[in-house]
Structures are given as structure tokens and as C-alpha cells.
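*Asks:* Structure for the following, please:
(2 chains)
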Amino acid sequence: MQQQTAYETPYLEAFDAFQGGHASGDPAFIQAHRREAIERFGAQGFPTARRGNEAWKYTDVGPLARIPFQLPDPSRGALVKQGQLKTASFGSGEWPKLVFVDGTYSEELSNLPRSRNGVTICNLAEAMTRRPEVVEQHLGRLASQEENGFTALNAAFVHDGAFVHVSKDYAAEHPVLIINLSSGKHPDSVSHPRALIVAEEGAGATVVEMHASLKGSRYFTNAVTEVVVTPGATVRHYRVQRQSPHAYHIATIKAEVGRDATFDSAAVDMGASLARNNLGVTMAGEEGHAALNGLYLVGDAQHVDNEVVIDHAAPNTSSRELYKGILDGKSRSVFHGSIIVRKDAQKVNASQADKNLLLSEQAEADTKPAFWIYADDVKCGHGAANGQLDENALFYLQARGIDRASARTMLVRAFAREIVQLIDLAPLRDYVDRQVIKVIPQLQSGAA
Amino acid sequence: MATPEVISRETGLGDSGYKYGFVTDVESEVIPPGLNEDVIRLISEKKNEPEFMLEWRLRAYRHFLTLVEQEQVPQWANVDYPPIDFQKIVYYAAPKPKVTLKSLDEVDPELLATYEKLGISLEEQKRLAGVAVDAVFDSVSIVTTFKEELAKHGVIFCSFSEAVQNYPDLVKKYLGSVVPYADNFYAALNSAVFSDGSFCYIPKGVRCPYELTTYFRINYAESGQFERTLIVADEGSYVSYLEGCSAPQRDNNQLHAAVVELVAHDNAEIKYSTIQNWYPGDEEGKGGIYNFVTKRGRCQGVNSKISWTQVETGAAITWKYPSVLLQGDNSIGEFYSVALTKGYQQADTGTKMVHMGKNTRSTIISKGISAGHGSNTYRGLVRVNSRADNARNFTQCDSLLIGDQCSAHTTPYVEVRNSSAHLEHEAYTSRVSEDQLFYCNQRGMSTEEANALIINGFCKEVFRQLPLEFAVEATRLMELNLEGAVG
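*Replies:* Numbering: from 1, shown residues only, chains lettered A, B, ... in the order given. Down below sits the predicted model:
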């Protein structure tokens, strides 16, 4: 552990300048929260000790920890034009949009309608003054600093971010787009995107989080999202990660699902050299339901790790979880799912599956679907499957005059489709489908 | 096999108590508690071992010491117990022999009676035809039956101590070749202090005419049992082996840290079955055996096959992962398991299937049953290495929960490094369904009978892998163990 403290030093040093610099005007509770977090990060460090460290068994964050990533110099603001957003954007121009460039909120690129109908959409810095009570109540509550070094690090640098709040019994009219863009103008820079989504009783919201880059440079994104789904509320949360192939992407998403509430989530990972998502959902009230879907397409030497924990803390709750992966090149995927059923959380119904399609001899898929069950009247099932493209299906298509490459694309697209069609937002569904078609030939470039 | 008359209430136990909990009053030769190099030298000396054995033990012991210093006691299993004081354990306890044994007639009648009571008759004429037994009492093997018959076929089946004396070359060649002493904490401890166990060698092309059986019994109060079993099936041979175990009922926890190594050469098959019924502790969770066992088989040759079947009903804590290394092309690994935890029992058990050769196949069927305050964890690994083309695995691990105080956990690991691998994993956890119970009740069965029927059905896939007479015993054992736990 001694030697590791060196990895943390650049961040500890940057903290003082940050806290005393442009973030010094933040409310006192945020400042205190940050100080606590940096101390915790200093004590905890990056989770690089792999032996016996079950949560990071298959993912070595050593390469990330060894690079001293710096906060981008705010005075050298990156100029990104509206037109450059195109690749990371989709849907209607009416949709509210919060855009962050290298972690900094961009008012020019964002599109915020007047706050109305009980819906507040703004950047977190503004929310600290507009809705301080909501921020203070929820920020850092679900994504605990104690979780791991990354959440503590994000909390230490929390200053701005996305804020979506829907009041009781209101429904957000349009989906909300949160775009985190890396300009590539600050090499080896780090950003700590943060999002807080709160749906009050009976409210409804759809939020799409996009992580994209303009250039193929090396940087580190350390994102934290908290989603509060109070009783009777419905939140759809979609996440698309298309980072640069040299980027490091760590994301923590924590959701709490109350009584009669629904949380629907889909995550699509295509980019980054190393991506790790920690998705944690607590089923806190009876009759709550969560659907968690994921799709990852990786090639070359990409590494993608999805840790998904569903904690059924209340009886009569249900969850459904389906992750699918397409792997090529020397890529590696990790799926680490846990279903916990607490004592007395009777009548829980939970299912979990991870399926991988390996397109290359060198790819590796590691799957660990786990149950921790402390109640007896439950129905929990999980499945995992790994395989390659069906030669018979390929032959069948070729016999019908379709060339081999197109046949492969067709089959891979069909494999991904099971997840794509679960996205309950048509423009996003089409966008993801297009991206899948685009990325398949790239994945296969190295294949025979 | 075991009929209720053999082990009856004469043991002075309650209705649903552990029926093997009696103590045999024999004079024992004991090395005082504690662990150091002298104890290891003494064990080795008592067994009149050749130099290589002592050296191996000492290497293992030194490795064990470094693990202790580095505090490498395994913590990852989902079981909870206070730290074990390795200095308080007796590492060698043997019933004092009156004379050197030449035949069964000279075995201490007390010991014979003990095995009789356990339902394991050592008198050949009384045995079921076709079963040979090696009886291990505390640290030593008492007697091995049918030795001569087996010798006619060239099969070597004897205690480990005898094997070291009579077949040192075989022992030297295979000992530690599947489970090296540095494999894990308890394997290191076992390698340093193991006292006896069974050794079995099936020569080329021989189909072993008997089911081979070892019965392990812990009797002495403070002793741990550290046995080692080594089975080698040479080219084209076949053997079916079964082990059983029990211990007296005591308030303190006793450690059982065994190592089992299997080697299957080209076209050979080993079928290894276990009925584990160590003392599980009382209703309050006091006492019981800590069953920390390393079992691993290597399918070294082409077309070889190793099959593990286990019925785990006893022990306070079970920590055991019978594994198969599928090295030879076309080799097959199987794991069938029923693990029952009731009272305050804890089990963290499963398997590892490591696919290394081409066209290797593995099947895992695991059935966990939790009742009372029991905690049951399935932990398994299926790994397909990059050169293991066309590997196949099917895994099914189901859990049944009885009562709202117990818990069931499933933590499978699947690691695939070859695109031609085909893997399927399924797991399901639930309780006995009300519909099933209702259906049985409606047909005139009591709820208890219905539960027994349903649970037996749940276990059937595993039980039918057992040799016939043991399958009958396993079914009975399950019923006895579940008495009062369901309904």
C-alpha cells in the first residue's frame, strides 16, 4: 500500500487548489462534503490491490492509477461548436439538453427550457442555489464515499454536474439529454461528471446520459450518477458510453427504488480502453420493479467491466437483468452481477442473465452472476451463456446469396437487438442500432 | 448398508440427534498438542517414512509458517468461525495396537464394534459383495479388506502409510502432483502433518472389480484429522471409490483438513463418491467438525474421465471444491453435489472445471438445501483456456430454502478465453412450492411426507450417480437429517 500513495498524490495536491480556487464559492455543506471525501480517498486510494479484492478481481486499474491525470485548466476553456455535438446527440431539438465539455458546464451548447410543470433541469451549481434542500438531502446519499476510491474521488471534486428534479405527480414532457463531451484539447486530463436525478412521488422522467469524445485522446472520466425514484415514480435511465479508444472510464450509478416505483435502465458501452460501471440498485419499497439491461461491444484490447448489484431490501419486489456482450480482437469483458435478497424480503422475484458472443480467438469473457439470499419465499434465477456465431446460420445466409461479411453483421446485429429493442425511447433505439451496425465491421476488421 | 438397528438409540441421543455421536473407549497413542518441526519429525518417524517424505513435509510446514506470518488464512469463503489455534490441535492420535495386525481377528474388538455400529462391517463375509473397505480411525488406517482379492487383479488398495513403505516410487511420483503443498493454506497444513489415508492404484486396462471404500472416523477429543487420499488410474482402467465419515458428538470444534488427489491417464475413468456426515454441532451450533478439504482430479490422458459425487449433510462448516483439471483432449469432468445445511451449519462448496485440452466437456449439477439457520453457498469456477477448442460446459445449481432463517448463495465464476467454447449456466432458488405440497396433500400424503418426497426429487439427479446401495443410504440420511426441519 505504501508505494500506491504516490498514485494518489497528484489528486491530493490538486484538491487544495480546486477547493481554494474556482470552487471556493460553493455552499458550506458541499465544501465540507468534499473535504471529507478527499480524506477518504487519501486513506482508501485506488482499488489496485487485486489479491483478495473480489470486486476488482478481473479488472486491474493499475494502468489508470499510474497516470497522473490533471484537472483541465479552466482558463483554457475548450471551444466546441454546436455542430460538433451532432455525433453525440440525437432526438428532437425540443429536448432539454445539458452539455458538459471536459467536465465544465457549457451554457451555450445546452438547451434548457424555462422551468415549468414542476420540472427543474439545470446544472448542479445552479441547483445548489435554486434547490439547495434537494441537493443537500440527496447528493452523496446513494453513492457513498465509502463505496470505493473512485466515488470518494468524484465526491472530493464535486462542483458542477447535471440536476433533474421532477415534483410530485408531474411527468417530464421530454426526455432529458445529459452530454459529457471530451474535447481532447487537454491531454491526460480528468473529469468528474456528476448527475443527480430525483423523481418525487408519482413523477415520471426519462434521462439519457451520453459520454462521448471528439478526439481519440487519452483522458480519465470518473462519473457518478444518483437516481432517486420515490414511491410511485417511474424513471427511465439510459447511458451510452462512446469514449475515445484510449480513454479510461469509471462510472458509478446508484438508484433507490421506492414503493410501487419503477426503474428502467439500459447501458450501452462501446468505447474506452478500460471501462468499469458500478450499477447499484436498492429495492427499498414493496412492489418496486427494476429492469436493468446492458449491451457492450468491444474489440482490440478494450476492457469492459459491468458490476451490477441489485439489493432487494423490501418484500414483493422484482428485478430483471439482461446483459449481452459482443467481443472481438483481444478484448475482455467482465460481468459481475449480484442479487441480494434481505432477510424477510419475501416474495421477491429476480432474474439475471449474461450472454456473450465471442468473435475472436483471443477475446475473453469472465462472468460471475451471484445470489445472496436470506429469505425463503423467493423466486430467483440466473443464466449465463457463452458461444460463437452459429456456423449453420452463416451457411444458411450465404446459401441465400448473402456475402459472409454481411451475414455476420446481420447475425451480430440480431444478437444485440434483444437489448436494443428493450430501449423504450425510439430515437435512442434507432441511434444505438445505427451505432451497432457501424461498429460491427470495425470490430471484425481484424478477424478472418 | 446402514439399517436403523445398527445405529440405534443406544447411543443415548435424542430423537432427531446425530446418530453417530458415540465415543469409542480405546487406549490411544497421542503426540501432545502443538505444531512444530519436532512434531512433524515425530509423525514421520512413527510412520518410519523414507527421507523424501520428511523433506516434503518440512517444505510444506515452512511454507505453512510463511502463510501464517503473512496472515494468509483464507477469508474469502462465506463462512464464519473464530480463528483456529493450530497449537491446540493434536496432530497424531492412534489407537494403541496390541500386537502387529496380521488378520482381522487381531483387530481390537472395540474398533470392530465401532465400525459395526456405524454400519461398516469390516468382516468380509458380512460385506456386500464387491465392496472393499479401508477403515481410518483418527490418524491411522485400521484395516483394509479384500486386499488379496484386489492384488490378484494388480489393484493396489491400502493405507497411505503402507503405500509409503511398499510403493515409495509411486507415492513419490504422484504425491502433490495434483494438489501441491503450496496450493492453499489448509493443503500446506495437511501436507506437513497428514498421518494416513488411502492409496489406490489401478494398473493399465484393469476394471477394478470392487467398489473401493474408505471410512474415516474421528474419535480422539482434541485431535484433528489430516488424511490424504491418492488415486491413480493408469491407462484404460476404471475405479469407483466411495468415502464416508463421522465423528463423536463433542462441544469443541475439531478440524478435518484433508487432501484428495486423483490422476486419470489415457482412457481411464475415476468415479469418486462422498457421503460426508461429520458431527454437525448441536442445535445451538455448538461443536462440530470444520471440514476444510482440498479435492482435485487431473484428467491427464486423452479420453479420460473424472466424476465427483458428493452428499454433504454433516460438519459444522464445510469448505470444499472438488475440481477437475481437463488436460487431456476429449476428457470429461463431472460434479454432482447435494449439500444440506440445517441447525447452524455453514457450507461453502462447489467445484472448479478447468478446460485445457481440446473437446473437453464438463457437467456441474449442484443442489443446495438450507433449513433452520443454515447457510449454503455454491461457489464454482468454469475456465476455458485459450487452447481448449470446442469446450463444453453445462452448469445447473439450484437452491431450496426451508424456513425464513436460512440463507442460500450462489457465486459462480465463468472465465472464457476461447471463442469456440459453448457454456451454459443456470441457477434457480426457491422454496418448496405450495402447489406441489397441495397436490401431494390432496393425494393423501402428510405435509412431512410430501416435503420428503419433493426434496428427494430435488436431489434425485445427484443421488442416481451414486452406487446403488449408497444411493439408498443417501436418501435415508437426507430423511433423517430433515426430520423436524420441514413441515
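*Asks:* helices and strands of chain B: which one has the lowest mean pLDDT?
*Replies:* Taking all helices and strands of chain B together, the one with the lowest average confidence (mean pLDDT, DSSP states H and E) is strand B:140-144, at a mean of 64.
*Asks:* contacting residues for the residue of the stretch 101-250 of chain A found nearest chain B?
*Replies:* With Cβ to the nearest Cβ as the measure, the residue in the stretch 101-250 of chain A that lies nearest chain B is residue A:148; the distance is 18.1 Å. The way it works is simple: take the backbone N, C-alpha and C, and place the C-beta from them, glycine included. Under the criterion of Cβ atoms under 8 Å, 6 or more residues apart in numbering or on different chains, the neighbours of residue A:148 are A:44, A:47, A:55, A:278.
*Asks:* which ones among the residues you listed are found in helices?
*Replies:* residue A:44 (DSSP state H).
*Asks:* Any quick ChimeraX command for the buried ones out of the contacts of residue A:148?
*Replies:* To isolate the buried ones among these in ChimeraX, judged by 16 or more other Cβ atoms under 10 Å in any protein chain shown, type:
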select /A:44,47,55,278
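*Asks:* Closest one of the contacts of residue A:148 to chain B?
*Replies:* Of all those, the one sitting nearest chain B is residue A:55; the distance, using Cβ to the nearest Cβ, is 12.1 Å.
*Asks:* Show me what counts as buried in whichever strand or helix holds residue B:63.
*Replies:* With elements delineated by DSSP states H and E, residue B:63 resides in helix B:51-69, which encompasses its position. For helix B:51-69, burial by neighbour count (16+ other Cβ under 10 Å) applies to B:53, B:54, B:56, B:57, B:58, B:59, B:60, B:61, B:63, B:64, B:67.
*Asks:* Taking those residues together, which two end up most distant?
*Replies:* For the buried residues of helix B:51-69, the farthest-apart pair by Cβ to Cβ is B:53 and B:67; their separation is 21.1 Å.
*Asks:* mind listing the helices for the chain?
*Replies:* Picking chain A for this. Counting by DSSP H, the segments of chain A that form helices are A:5-20, A:28-44, A:62-66, A:124-130, A:132-138, A:149-156, A:391-399, A:404-420, A:426-444.
*Asks:* hmm, I had chain B in mind actually
*Replies:* For chain B, helices defined by DSSP H occupy the ranges B:37-46, B:51-69, B:109-117, B:147-152, B:160-166, B:168-174, B:185-193, B:434-442, B:447-463, B:468-482.
*Asks:* could you say what helices and strands the fifth one packs with?
*Replies:* What it means is helix B:160-166. Taking 3 or more Cβ pairs under 8 Å, 6 or more residues apart in numbering or on different chains; DSSP states H and E as contact, the helices and strands that helix B:160-166 lies on are strand B:140-144, helix B:168-174, strand B:198-202, strand B:228-233.
*Asks:* Name the nearest residue to the residue in the stretch 201-350 of chain B positioned nearest to chain A, ignoring sequence neighbours.
*Replies:* Ranking the residues of the stretch 201-350 of chain B by distance to chain A (Cβ to the nearest Cβ) places residue B:350 first, at 11.7 Å. Of all residues beyond its chain neighbours, the one nearest residue B:350 is residue B:380 (3.8 Å), with distances taken as Cβ to Cβ, 6 or more residues apart in numbering or on different chains.
*Asks:* go on, residue A:397?
*Replies:* Taking Cβ to Cβ, 6+ apart, and ignoring the residues beside it in sequence, residue A:397 has residue A:407 as its nearest neighbour in space, at 3.8 Å.
*Asks:* neighbours around that neighbour, how many?
*Replies:* Residues near residue A:407, counting by other Cβ atoms under 10 Å in any protein chain shown, number 19.
*Asks:* Just confirm it contacts residue A:399, I think it does.
*Replies:* No - taking Cβ atoms under 8 Å as the contact criterion, residue A:407 and residue A:399 are not neighbours in contact, 9.8 Å apart.
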